[in-house]
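K.L.:
sequence below, structure please.
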Amino acid sequence: MLQCVLMRRFVCIALVAGGCISFEITQKADPTKATVCAASESACDGKDDDCDGLVDEDLVRDCSNCQGGGFEFCAGGGYTGCSAPPLAAETCNNLDDDCSGGVDDGLERACTSCTGTGTEVCVMGDYVDCTAPPGPQEVCNNVDDDCDGTVDDHVTRACFTCKGTGVETCAAGAFGACSAPPPMAEICNGADDDCDTVVDNGFQIGQACDGADQDFCTRGVFQCDGSGGRVCTDTTDPIYDFCAACRAGVPVPATRIGAVQGGALPPVAAWGNNQWGVAWGTSNPGEIWFSRLDANAVPIAGSEVQLSSTPIDSKAPSIAWNGTHFAVAWNEEADPPAPKPTQIHMRRISASGVLVDGTVFNVTNEGGATNRSRWFPRLFWDAAAAEWNVFFNCHPSDYTAPTAVCRRRMNGDLTVATPPLFQPADTIPITVSVGNKAGIVVANAGTHVGLAWEDAATSKIHACSMTLASGVLGACTGRVVSNNTGSGNIALSPSIVVAGGGYRIFWHDDHTGTVSCYSDSLLLDNTAGSLDSPCGSSRRFISAVNAGSDFLIAYELFAGANDEVGVSRVNGTGGVTATIQVTNTTPHSWRPQMSTDGAGVGIVGWLEVGAPAEGDLAVLRCQGP
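P.N.:
As a prediction, this is how the structure comes out:
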């Protein structure tokens, strides 16, 4: 028989320092109920599972959380009294404060900008992605445009000087100083040091200058010296030219050339391979000679060579350069019996002064026609057709005064002369002055050829421009370019040079009562100009070259008993800008001939005649007065 027994039991519910917290459980057994007892309490269910008279005794479990450790005990059929730290509210700190398994989950807050409100969410401990309308971009205006609480923050712009690049930073509405390298004082170094857009300003780089020599001539140009300064490229020059006479007032010594026998005839010259080729004629006997001068017009030793080789009279040489050879053409006039037929002969000389052709080439050999007149050739090289061109005074049938200008074309090696001499396209029917068979001059403009001559019918200077294509000449329609009028007023000695879109023609006449120099222009389309500009009185036998923007002319300057050679610079409108007498001889210096290297520097040659009447040749290098 069961009895109700009061049973006591102490249960430890938590360990503390020095012992445990406990309380006493008392329970009475129920003798009226049959019970199956468990070995021990196993569930917190408010029952005495192990029939020891105690309910849910000794049941304790871990209740730790993300904030810390703890335990809880069973009482009244449920666990209670957890000793772990309590859970915290979730905050934006990149931690799982509420132990939900998510970091900063679901956190958002209101946000504002200077233009409205919105919300922003917490991500990894920071609030981001505010949905409030953004403020405008910050600009340099002393205003907080982007509403971040700072005025003109992080506003910069690129800047530069001629020395490099840098940055300008905005402060109080204005950009500050540029951090690029600053300009410096200009020095001569090919750069714009002071940033004024002009390189080496103040140093006159490229301008003509007279160096530390004795010739008083502007033969050099200023250039930088590598140390910030400038230097003149004109160094000591042993060649004394007419610049010295102009500036120092002393006579001008000239280079004497030529194996002269019994007198000489005026020289002609051409520039090629950085040297001058010079040809001239001698008298008693009349022969043609050739020599080379260096760039300073100094004769090259051993370069003189005789070109003509027949016992007849050789005169009037003309010279040209084709890129590899010099060529000289002249007329040969037979000795008596009369009439004295003439032919045009030609020969080539290499750049080193060697005769290329073993024998003289007869330009006008016509198979037995020996009584025809051919005078005063004018030679040039047609680069487009790779042909030599020789123009000369001629009569188509017999030895009389010339009635036309003829042309002969030849290949570069002189092996073929084509077309036949008097093919119509190569005979120009003009009336050349009877008294001066040397009355034609020619200028090659590439696509055109300019021709000028003394017209026998009008005593005026005529000219024409002819097209030149594949070696074929167009028609020559003569235009009057001189203005001389009246009986006895004769225009003589034309000189023609290529200039811009046409030609410039010089001559002398006496229509004002004094023999003077005049010039006019002729366009490529054969339109005559209207300059008729005077270029100095007491001047005759004009020879001209193009010196860049101006022209250099040489002439006989006659006064009293003596004739001298003068040189002038003439501008594009015909005005004379400088003049110098380059000789001081007794009694005569005659027939000057001017040539150029194509870069504004030329040489002038003339005949000096003393007593008895025999001549020496003189050549002078010049850059213009």
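
K.L.:
could you list the low-confidence segments of the stretch 51-200 of the chain?
P.N.:
Nowhere does the stretch 51-200 of the chain drop to pLDDT under 70.

K.L.:
do the stretch 401-550 of the chain as well
P.N.:
Where the stretch 401-550 of the chain drops to pLDDT under 70, the residues are 401-403, 416-427, 429-439, 456, 485-488, 530-532.

K.L.:
where exactly do the strands run in it?
P.N.:
Read by DSSP state E, counting those that start in this stretch, the stretch 401-550 of the chain holds these strands, from start to end of the chain: 404-411, 417-418, 427-428, 440-444, 448-454, 461-469, 472-473, 479-480, 492-499, 502-509, 516-523, 533-537, 539-546.

K.L.:
same list (these) but as CSV, adding distance to T91.
P.N.:
The way it works is simple: take the backbone N, C-alpha and C, and place the C-beta from them, glycine included. Conversion of these to CSV gives the following (distance: least, Cβ to Cβ, whole Å):
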stretch, distance to T91
strand 404-411, 104
strand 417-418, 108
strand 427-428, 111
strand 440-444, 98
strand 448-454, 97
strand 461-469, 97
strand 472-473, 102
strand 479-480, 106
strand 492-499, 94
strand 502-509, 95
strand 516-523, 96
strand 533-537, 102
strand 539-546, 94
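
K.L.:
of all the ones you listed, which one comes closest to S291?
P.N.:
Ranking the strands of the stretch 401-550 of the chain by distance to S291, with Cβ to Cβ as the measure, places strand 539-546 first at 19.1 Å.

K.L.:
what's the mean pLDDT across stretch 351-371?
P.N.:
Stretch 351-371 shows a mean pLDDT of 76 in the predicted model.

K.L.:
stretch 231-239 now?
P.N.:
Stretch 231-239 comes out at a mean pLDDT of 67.

K.L.:
now the strands of the stretch 401-550 of the chain in TSV, with mean neighbour count and distance to A158?
P.N.:
Listed next are those as TSV, based on neighbours: other Cβ atoms under 10 Å; distance: least, Cβ to Cβ, whole Å:
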stretch	mean neighbour count	distance to A158
strand 404-411	20	65
strand 417-418	16	69
strand 427-428	19	69
strand 440-444	23	56
strand 448-454	26	55
strand 461-469	22	57
strand 472-473	16	63
strand 479-480	17	63
strand 492-499	22	51
strand 502-509	26	53
strand 516-523	24	53
strand 533-537	18	57
strand 539-546	24	50
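
K.L.:
for those strands, which one sits closest to V199?
P.N.:
Taking Cβ to Cβ as the criterion, strand 539-546 is the member of those that comes nearest to V199, at 29.5 Å.

K.L.:
the inter-axis angle of the next helix or strand after that closest one versus strand 539-546?
P.N.:
Of the helices and strands lying after strand 539-546 in sequence (DSSP states H and E), the nearest is strand 551-559. Using axes from the mean of the first three to the mean of the last three Cα atoms, to 10 degrees, one finds that strand 551-559 and strand 539-546 are set 170 degrees apart in direction.

K.L.:
distance between strand 551-559 and the chain's centre?
P.N.:
Per Cα atoms, centre = their mean, to the nearest Å, the displacement of strand 551-559 from the mean C-alpha position of its chain is 37 Å.
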